[in-house]
Structure formats: structure tokens, C-alpha cells
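> Could you look at this predicted model? Sequence included:
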Amino acid sequence: MKEKEYRMVSAMRDALLFLRGVPNVALGDRVLVRDHSGRKRNGQVIQTTQEVVLVQVFEGTSDLDIENTWVRFLEKPFELPLSPDLLGRVFNGIGQPRDDRPPLISGLKRNVNGSSVNPAARAYPSEFIQTGISTIDGLNSLVRGQKLPIFSGSGLPHNRLAAQIVRQAKLPGQESQFAVVFAAMGVSYADARFFEEQFESSGVLNNVVMFINHADDPPMERLILPRTALTAAEYLAYDRDLHVLVVITDMTHYAEALREIATAKGDVPARKGYPGYLYSDLAEIYERAGRIKNRHGSITMIPVVSMPSDDITHPIPDLTGYITEGQIVLSRELHNQGIYPPVNVPPSLSRLMKDGIGKDHTREDHGRIANQIYAAYTRALDARNLASIIGAEELSERDRSYLAFAEDFEKRFVGQGETTDHSITDTLNLSWELLSILPKEALTRVS
């Protein structure tokens, strides 16, 4: 049966088309929009009532003429063709090839909106993932099936850190390599090229599927891109039994596109103009990660969230923190000192760390060492503040040893460089070495 085309556009606003009098249209339906010169654009129904149907056009509505715009409702949702040939490919937000290779042809297609995992079917994440980065492995351990975001400010090296995690992540004691789904929204051409070159030079490119939306691509495409990427991740994890690492950058660009559409729709704005449903919308994306009982594969997610004005209380990092299981916070102060990765240890945490470390996972002393390092570094920061007021020579002997510890800790433990891949044993041994700077009576948390 041939789908009908309608020429009933009554208004346009930003990337939205308003149509009146179109019967039997379902929410989420895929739409083809044809302009006066025959060019086609992709769209999706985002609101439908008896009177008005609202269509979001991913390529935007510029150059469209109300009189000569034809809209065809395809009566099916956005679907992504799925096959093992996904790996090694680069796509745009709606799953069209970006790498000058033919599109994927497959009998298996799935709705990109997916469905949330039944909470009763979820398995508890508890297997340690080694990223090779001491501040993460030692103090904020990542486990298989976890959602651990990176909170960053503009100009901080979150892209380099994300690329390093992709290159180095592994399950200790197992040869299985991660399949990686890399989703980038609103990135510059230089950043997109940086990721491709990083993955290519380290030999992981054939294990990566990339979904890229450039800064000058339509912002509306950013709303569907994470969902398309997660559909590919679910296929690789649950159909192909792979361990999948999903890196999404940058969720702030996603939220800004959502705000743009919400404003055009006339939704009531909440904090900083974002719609009130920002929380549930982000949860819809983040909650697609995890492990399922009796399935070998899993999805571990590392979303990058840039904090406008370095404000961790901004709605996007704030809500992300509620939904995910911890955060890695980057510090501008450490970055300015030339320390990489500039992980700010006190506000960073991993809520699932306790379940993935210890005797059967990493090493028996891991938990106690992490607690001791946190305690010592926090005390050292207090001593540093005091020294800035009264001068280092006025400090007690013990406080001076704390200052020496902090200096060494930041240089050798936090600042490990971009090419260093520390095993968890290296990280724990280095921790003991640094703690030996302190007097024995200061080590109250380790035996």
C-alpha cells in the first residue's frame, strides 16, 4: 500500500512543522518531508492531537516553503538495520553512513527508541573494569554495567580522557576486548578526526562503531543520535554476547537541542529554560545501560557532560548525577598546572566501587588503601590552605609531610600521562609507595 503524501503544513517554527487535519498519525512515526525542489528530509512525529500533528525535521526547516512542502507518514518508527558489519563503521545520527561506504543491508531492524530494561531482569554490576588510569581504577573503580559520567569544563581534556579509556579498557584476567559504541554530538571536525585517528592508531577501530553529529550538522539530529547508538549497543551486547563500552559526548549539546525543541513546542520551561521532563528524558537514555540476568553481554556507559561555567549544580550535571552511579570530575586548577588527566579526587566517586574491588576482584587491600588515600589527600589540602595563610615554614612536621604527599600524589598518581597504562597492581603498589611518605601513626585506615 502506498503511503499518502499531505500538503497540509500550516506553520513552521525552528525545526518543527505544524500540520492540521491529518488523521490516524501515531506518536514517534517516521516522516519524509519533500520540498519544492524534490529534496527529501527526515522527520519524526513528536506530538499528535485531534487538531494538530507536530513533526520534528532533523535537517531543519530552512528553505522550506509552506505551500510546496509535502509530508509523507511512513507509519513506522525510526529503525536501525543491525548486523555484525556495524563494527568499524561511521554513521550520522539517524544511522546513515558517513564513511563513503554503502549503507548496511540487513533483515534485522529495530526501533531506535528501544524499551527500558525490566528492573527484575537486571543483574547487579560487580565485575571490575581496568581502564589503566590510576585515579579511576584505584579510587573510583568502574564495574561492568555501570554508568559513570565524566564532568568537565570547556577547554578541559575530556576528549583525550574518553579516547584513552576506549583504548585501554579491559576486564583483567580475560582476553575479551570491549566492543565500543562511540556517540558524538555537536563536535568539531577536528575532534571527530582526533577520535578516528586515536582509534585507528591504537588498533581498536575495527572494534568501534561511531555515530557522529558535527557542530554544523542539524541540532535536531542530536535528539535521536544517542538512541540510535544505544540500539547498536544493545544488539552487540545481547544478540552478539559482547561486552560493550558506550562513550557519549557531549550530553550538554543533547540537552540544549532538547531545550530548543521544547521552547518551539511551547512547553513550560523549568530550571534555566530546560523543560521539566529533562530528568525523565535523560533517564530514558542512561537506563539503557546495564547487565541482564543470564546474558553474557553487557553495556557500560561513560557519558561526558560539560558543565557550563564549571558549575556542577547546573541542571544537566545535577540530574545526571541523580541517574548515574557516580562521577569523575575534572579540575581546571590541575589542568593549569599541566597535570593529565586532571581528575579532581575529592568530588569524584563511584557508587558501585565497593562491589567490584577486594579479594576476588582486584586485591584484598584495595578498599583500605583507597580510604587511606582519600583521608590523607583531604588532610593535605587542608594543610595546603593553611600554608597559603601562615606560610609552609610555620606548619608542624606532620603537616609538612602531608604537603609532600600531596605534591607527589598529584604528580605521580593523578598525573600519569596520556600513554601510560597502569595495571591495578601498579596502581596499588604506587599507592603504598606514596603513603610511605607519611608518618606511620597517620595511617589509621590500613593495617
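On my side now, so go ahead.

> Could you use CA atoms for every contact and neighbour count after this?
Will do.

> Number of residues surrounding the closest residue to Val57 other than its chain neighbours?
What sits nearest to Val57 in space, not counting adjacent residues and going by CA to CA, 6 or more residues apart in numbering, is Gly43, at 4.2 Å. By the other CA atoms under 10 Å criterion, the neighbourhood of Gly43 contains 27 residues.

> from here on, count from 23
Done: numbering now begins at 23, and the last item shifts to Gly65.

> Name the helix or strand for the residue positioned nearest the centre of the chain, please.
Central residue of the chain (CA atoms, centre = their mean): Pro325, 1.4 Å from the mean position. Using DSSP states H and E, Pro325 falls within strand 320-328.

> Helices of the stretch 73-222 of the chain, start to end?
For the stretch 73-222 of the chain, applying DSSP state H, counting those that start in this stretch gives helices covering 156, 180-190, 211-223.

> Go through those helices and pick out the most buried.
helix 156 (a mean of 27; mean count of other CA atoms under 10 Å).

> What is it packed up against?
Judged by 3 or more CA pairs under 8 Å, 6 or more residues apart in numbering; DSSP states H and E, helix 156 is in contact with no other helix or strand.

> pLDDT on that helix, on average?
Mean pLDDT, computed over helix 156, is 94.

> And for that helix, what's in contact with it?
Applying CA atoms under 8 Å, 6 or more residues apart in numbering, the external contacts of helix 156 come out as 435-436, 438, 444, 446, 449.

> Let's see that with 7 Å instead.
The contact list for helix 156 (CA atoms under 7 Å, 6 or more residues apart in numbering) reads 435-436, 444, 449.

> ok, back up a step: right, and the residue nearest to Val79 touches Gly50 too?
No - between Gly65 and Gly50 there is no contact, the gap being 9.5 Å when judged by CA atoms under 7 Å.

> In the protein, where is pLDDT below threshold?
Counting by pLDDT under 70, the chain contains low-confidence ranges at 23-25, 197-199.

> One more pass at 80, please.
Scanning the chain with the threshold set as pLDDT under 80 gives 23-26, 137-138, 195-199, 414.

> Quick check on Phe233: phi, psi?
With angles defined as degrees, to the nearest 10, Phe233 sits at phi -120, psi 120.

> ok, back up a step: report the contact partners of the residue nearest to the centre of the chain.
Contacts of Pro325 (CA under 7 Å, 6+ apart): 170-172, 269-271, 273.

> and with 10 Å instead?
By CA atoms under 10 Å, 6 or more residues apart in numbering, the contact set of Pro325 is 169-173, 184, 204-205, 268-273, 308, 342, 346, 349.

> From those residues, keep the buried residues only.
169-173, 184, 204-205, 268-273, 308, 342, 346, 349 (16 or more other CA atoms under 10 Å).

> Can you list which of the residues you listed are found in strands?
Among the buried ones among the contacts of Pro325, the members falling in strands are 172-173, 204-205, 268-271, 349 (criterion: DSSP state E).

> possible to save the residues you listed as JSON lines with distance to Val468?
What follows is those, written out as JSON lines (distance: CA to CA, whole Å):
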{"residue": "Ile172", "distance to Val468": "29"}
{"residue": "Phe173", "distance to Val468": "30"}
{"residue": "Phe204", "distance to Val468": "39"}
{"residue": "Ala205", "distance to Val468": "41"}
{"residue": "Val268", "distance to Val468": "35"}
{"residue": "Val269", "distance to Val468": "35"}
{"residue": "Ile270", "distance to Val468": "37"}
{"residue": "Thr271", "distance to Val468": "38"}
{"residue": "Gln349", "distance to Val468": "25"}
